[in-house]
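In: Could you look at this predicted model? Sequence included:
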Amino acid sequence: MKFFTAPIKAYQYISKMLPNNCRYYPSCSNYAMWHFETNHRPDKALAATATRILRCNQLFKGGIDYPIISYRPKPLFYLCCSKIKVKYWIIPKTNDKYYVIKDFNFENDSTQHPA
């Protein structure tokens, strides 16, 4: 996945110097990053990102548009005995489709050391 996320990170670094002009939240580059980090198939992530970029213009209203992925949850016994750091929340939309929402405290928690 680093092959796909490296150009996005480079764009995000350069775009910090430019005014924000994306019509959606999360921005198109964040949308792409979230898709590539949570989706196991880069072709689906690339198609969703391209569709989103094509919608980011004056002909569409914009607004909140979280990535939607297919996801198969892990069994509960897998989760019960391990400490988990959450970077993305997976919120159910329909039977097999889920919204992806980033936990913005993830970076802050990983830099803190236990006393």
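Out: Cool, got the structure. Residues are numbered from 1 along each chain as shown.
In: what residue is smack in the middle of the protein?
Out: In the chain, the centroid-proximal residue (C-alpha atoms, centre = their mean) is Trp34; its distance is 1.7 Å.
In: who's in contact with it?
Out: The contact partners of Trp34, taken as C-beta atoms under 8 Å, 6 or more residues apart in numbering, are Pro26, Pro67, Tyr88, Val100, Lys102. To be clear about C-beta, it is placed using only N, CA and C from the backbone, and glycine gets the same treatment.
In: and the third one, what does it touch?
Out: This means Tyr88. Under the criterion of C-beta under 8 Å, 6+ apart, the contact list for Tyr88 reads Trp34, Glu37, Thr38, Val100, Ile101, Lys102, Asp103.
In: Now go through the residues you listed and say which are in strands.
Out: Val100, Ile101, Lys102 (DSSP state E).
In: quick one: pLDDT of Pro114?
Out: Predicted confidence (pLDDT) for Pro114: 44.
In: if we can go back for a sec, what is the most widely separated pair among the contacts of Trp34?
Out: Among the contacts of Trp34, the pair separated by the greatest distance (C-beta to C-beta) is Pro26 and Tyr88, at 11.4 Å.
In: which neighbours do those two share?
Out: With contacts defined as C-beta under 8 Å, 6+ apart, the residues shared by Pro26 and Tyr88 are Trp34, Lys102.
In: before we move on, back to that, can you tell me which of the contacts of Tyr88 is nearest Ala6?
Out: Proximity of the contacts of Tyr88 to Ala6 was ranked by C-beta to C-beta; the top entry is Glu37 with 12.5 Å.
In: List the residues that contact that closest one.
Out: Taking C-beta under 8 Å, 6+ apart, we find Glu37 in contact with Met1, Thr5, Lys87, Tyr88.
In: May I see those residues organised as a markdown table, with secondary structure added?
Out: Below are the contacts of Glu37 laid out as a markdown table (DSSP: H, G, I helix; E, B strand; the rest coil):
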| residue | secondary structure |
| --- | --- |
| Met1 | coil |
| Thr5 | helix |
| Lys87 | coil |
| Tyr88 | strand |
